[in-house]
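Undergrad: how does the following fold in three dimensions:
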Amino acid sequence: MKHYAVFAVLLTIPMTWGQSSKIPRMPDERPDFQGVWDHPYVPDMSLDRQDQKGAGALPFSPAGADNFKNYDPAKFDYTGHCLPFGMMRSVNVGGYPIQIMQNAKYLAFLFEQSTWFHVVYIDGRGHPADVEPTWFGHSIGKFDGDTLVVDTVGFNGKTRLDTIGHPHSDKMHLIQTFRYTDPDHLAYEVTVDDPVYYTKPWKNQRVFTRMKPGQELIEYSCEENNRDFTQGHIK
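TA: Okay, here's the model as predicted:
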């Protein structure tokens, strides 16, 4: 009998561990992605690329190769003029966390970088028939089991994917997925599908890490060429 008692106690231990590792959930049992998330700096999306051929040069079309070859940020980088980074460059920028807010109808990304935000509609709606082109695009989301799938179209084509300057057009279609690997880490994958600048879709992966309690977004202000206002030269 003593052996059976000891064996019963041992069986309860993994059950306790399993309960402590459960992911956060909303009242409707969907995964709860709310929190402040640190994410890696990805200045070059051709690295750590996940597709059939692995990391390396992106599958440029002739137009894409020509665009990237002739891009010189020393001559002009739109981010240096406080213009919106766009969806992918905001996700790729390092040192600035992202907060996720969520309810039954909406999921929102709050970017510390320049205090931008982006809303994802998770109430079952589709994209509008005529999408208004914007810097961050129009996003709808759905849950595939415990994976959030964010589908984004409607870009204005005025941004770059990363710091090094990989291009995208206004025809780009992004698919981003978010999935808990444990309560404090998200597996993130993005698929870039742009028939203008790339010959086929390609992917990139990384991990988001939940920031410690008490670590919150702080104010970020980009005011390029506004010193005349802030220093009182213009009244």
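Undergrad: surely Val153 meets His138?
TA: Yes: Val153 lies in contact with His138 (Cβ atoms under 8 Å); the separation is 6.0 Å. Every C-beta, even on glycine, is put in place using the N, C-alpha and C of the backbone.
Undergrad: touching both of the two, which residues are there?
TA: Shared contacts of Val153 and His138 (Cβ atoms under 8 Å, 6 or more residues apart in numbering): His127, Val131.
Undergrad: what does the helix or strand Val150 falls within contact?
TA: Secondary structure assigned from DSSP states H and E places Val150 in strand 147-153. Strand 147-153 has contacts (Cβ under 8 Å, 6+ apart) with 31, 33, 87, 107, 120, 122, 127, 131, 136-143, 172-179.
Undergrad: could you rerun that using 6 Å?
TA: Strand 147-153 is contacted by residues 120, 127, 131, 137, 139-142, 173-179 when judged by Cβ atoms under 6 Å, 6 or more residues apart in numbering.
Undergrad: okay, and the residue nearest the centre of the chain sits in which element?
TA: For the chain, Val91 is the residue whose C-alpha lies nearest the centre (Cα atoms, centre = their mean; 4.4 Å). Per DSSP H and E: Val91 is located in helix 87-92.
Undergrad: show the average pLDDT along that helix.
TA: Across helix 87-92, the average pLDDT comes to 97.
Undergrad: gap between it and the chain center?
TA: Helix 87-92 has its average C-alpha position 6 Å from the chain's average C-alpha position, going by Cα atoms, centre = their mean, to the nearest Å.
Undergrad: quick check: buried residues in the helix or strand following the strand holding Val150?
TA: Next helix or strand after strand 147-153 toward the C-terminus (DSSP H and E): strand 173-182. Residues of strand 173-182 classed as buried by neighbour count (16 or more other Cβ atoms under 10 Å): His173, Leu174, Gln176, Thr177, Phe178, Arg179, Tyr180.
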